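> quick one: sequence and predicted model below, then my questions.
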Amino acid sequence: MPFKKIERNVHTERRTWKLENISETFAKVDTWRIDSSVGPVQETYFFSTNFQDHEIDWYVKLDFRHNELHNGFQIYFDAVEKLKPKNHVTCNFYLVDADKNEFFIGRKNRKFDSTYYYGPAVGYSIIQNQAKLPNTKDKLLPNDTMTLLIELNIYLDENPIFPLEELFCRIEQVLNLDDISHLYPLKGDGDIKISVQGVEFSVHKTVIEIRCPTLSKIIGDHQQMSDNDNNQLVVTDIKPEIFERVLEHIYTGKVKDLDDHAESLLEPASKYKLLGLKHMCELSLTNHYLTYESAKEVKKLAARCDAVMLATNADSIINESCTSQVDFSCTRDGTLIEIKPSGKKNVYKDRFKKHIPKGIKIVPDRLSLHH
């Protein structure tokens, strides 16, 4: 049974941050690497949101480093006044190239509650391999400018299924260096024929060799075993409409309606070793389909497709679901009572000595954090 898509109640705001003369920044980083007396290069961007008459100031900081551990930059994100937000927040980061393509590179989360604050330590690392930047300079850094797209999502649900922040990709895995997307409308004139459940597809041999070596090898092995060089490769384990979207990604690096087909696309992405498409499917499934109810089935899909990132996120949701079944109450004298699903109770005389797990919803009328 297909996974059900999540209908999120989210307010989204996007900001574009252009860092000009980026080569000078990397030059400073190289100087810092040679001379330890020179500190890391930092750039900071401030922006404000005004939502439901509640103004919040945010900052995004880039910390450029170049040493044995970090080649590139780290991204830090938070509210200027940490306890001011009253909603859970996700900040997604994208690099934007010369063709306005957006490459997701990671996210930072902040979970807030009106009476209790918790969240991971500041400092989520997103590493861009500087050594590969010169090869992509004209496309990824046009006019010596790096464009960072900041997407802030404010979750309005009372207790949302919160996207995890352990989601990132290396830009070189998804960046298309050779633009051949113009060939996609012409693929019908291709020199290779593939039959998918009775539907014939024509593709260009050169495109498949460059973009999908695994599929190219399957085609080559089939032709070697066939007496007739023109014999079609027959594919039976994928629907034609899904294979069409696989070809769309091979030619263009994109899939227009990916979120509606991520579940079906993940397996062929894994089979044909299309890392960019595989990452996009994992990201879409985590953002739009992973819930407490679907987590176990999502984990099975991830295991079949060797989707490590998706499996990790499913595990986290499963663990959070188990934790969220624990109940707490607090008496006037400060005694904390933990009630587990089995009915077993643990009593803590000093409530501040008991760590409240992240999955727990803190309800003021059940657990007061103030005397």
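Received the coordinates, thanks.
> helices along this structure, start to end?
Using DSSP state H, the helices of the chain run over 22-34, 137-140, 205-211, 213-225, 240-252, 258-271, 275-288, 295-304, 308-323.
> can you say which of those helices is packed in most?
Mean neighbours per residue, mean count of other Cβ atoms under 10 Å, is largest over those for helix 275-288, with a mean of 23. For every residue, glycine as well, the C-beta is placed using N, CA and C.
> average pLDDT across it?
Averaging pLDDT along helix 275-288 gives 89.
> can you list contacts of that helix?
Helix 275-288 is contacted from outside by 3, 5-6, 104, 163-164, 167, 169, 173-174, 246, 249, 253, 255, 258-259, 262-263, 265-266, 269-270, 298, 301-302, 305, 307, 309-310, 313, using Cβ atoms under 8 Å, 6 or more residues apart in numbering.
> now for the top strand by length along the chain, which elements pack on it?
As assigned by DSSP state E, the longest strand anywhere in the chain is strand 54-66. Judged by 3 or more Cβ pairs under 8 Å, 6 or more residues apart in numbering; DSSP states H and E, strand 54-66 is in contact with helix 22-34, strand 41-51, strand 71-79, strand 88-96, strand 146-155.
> a markdown table for those, including distance to Glu282 and mean pLDDT?
Putting the helices and strands packed on strand 54-66 into a markdown table (distance: least, Cβ to Cβ, whole Å; pLDDT from 0 to 100) gives the following:
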| stretch | distance to Glu282 | mean pLDDT |
| --- | --- | --- |
| helix 22-34 | 29 | 68 |
| strand 41-51 | 28 | 88 |
| strand 71-79 | 20 | 77 |
| strand 88-96 | 15 | 86 |
| strand 146-155 | 18 | 91 |
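> who wins for proximity to Lys217 among those?
strand 88-96 (31.2 Å; Cβ to Cβ).
> for that closest one, which strands pair with it and how are they oriented?
strand 102-112 (antiparallel), strand 146-155 (antiparallel) (DSSP bridges).
> right, and the ones you listed - which one's nearest Ile318?
strand 102-112 (18.2 Å).
> now do the closest one and helix 275-288, the angle between them.
30 degrees (axes from the mean of the first three to the mean of the last three Cα atoms, to 10 degrees).
> who's in contact with Val234?
Applying Cβ under 8 Å, 6+ apart, the residues near Val234 are Ile194, Ser195.
> so what's it bridging to?
In beta-bridge terms (that is, DSSP bridges), Val234 pairs with Ser195.
> so how far is Pro213 from it?
From Val234 across to Pro213, the span is 20 Å (Cβ to Cβ, to the nearest Å).
> over to Leu247?
From Leu247 to Pro213 the distance is 15 Å (Cβ to Cβ).
> what does Thr145 give?
Taken as Cβ to Cβ, the span from Thr145 to Pro213 is 33 Å.
> repeat for Leu301
Separation of Leu301 from Pro213 (Cβ to Cβ) stands at 25 Å.
> and for Ile238?
Going from Ile238 to Pro213 by Cβ to Cβ gives 18 Å.
> repeat that for His288.
From His288 over to Pro213 (counting by Cβ to Cβ), the distance is 30 Å.
> tell me the strands beside the longest strand of the chain, with direction?
Take DSSP bridges as the rule and strand 54-66 pairs in its sheet with strand 41-51 (antiparallel), strand 71-79 (antiparallel).
> quick one: residues in contact with the first one.
Residues external to strand 41-51 that are found in contact with it (Cβ under 8 Å, 6+ apart): 11, 13, 15, 17, 19, 25, 28-29, 32, 55-64, 80, 148, 150, 152, 154.
> was I right to think His11 contacts Glu151?
No: the pair His11 / Glu151 is not scored as a contact, 11.6 Å apart, by Cβ atoms under 8 Å.
> overlap in contacts of these two?
By Cβ under 8 Å, 6+ apart, no residue touches both His11 and Glu151.
> low pLDDT regions in the protein?
Residues of the chain meeting the criterion pLDDT under 70: 1, 29-40, 65-72, 112-137, 158-182, 186, 188, 227-231, 320-345, 348-371.
> how near is the residue lying closest to Ile238 once chain neighbours are set aside to Ile218?
Nearest residue to Ile238 in three dimensions, chain neighbours excluded: Pro268, at 5.4 Å (Cβ to Cβ, 6 or more residues apart in numbering). Per Cβ to Cβ, Pro268 is found 12 Å from Ile218.
> any chance of the strands paired with strand 88-96 in TSV, with distance to Ile208 and mean neighbour count too?
Listed next are the strands paired with strand 88-96 as TSV, based on distance: least, Cβ to Cβ, whole Å; neighbours: other Cβ atoms under 10 Å:
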stretch	distance to Ile208	mean neighbour count
strand 102-112	23	20
strand 146-155	31	20
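> residue contacts, Ser264?
Per Cβ under 8 Å, 6+ apart, neighbours of Ser264: Lys239, Ile242.
> can we see that at 6 Å?
By Cβ atoms under 6 Å, 6 or more residues apart in numbering, Ser264 lies in contact with Ile242.
> kindly report the same for Ala302.
Leu310, Ala311.
> so what pairs up with Glu200 in the strands?
Bridge pairing for Glu200 - DSSP bridges - gives Ser195.
> please disregard the earlier target; I meant Tyr45.
Beta-bridge pairing of Tyr45 under DSSP bridges involves Val60.
> what is the neighbour count of it?
Applying other Cβ atoms under 10 Å, we find 17 residues neighbouring Tyr45.
> ditto for the one 3 residues further on
Burial of Ser48 is recorded as 11 neighbouring residues (other Cβ under 10 Å).
> what of Val199?
By other Cβ under 10 Å, the residues close to Val199 number 13.
> what about it, distance to Ile75?
In terms of Cβ to Cβ, Val199 sits 44 Å off from Ile75.
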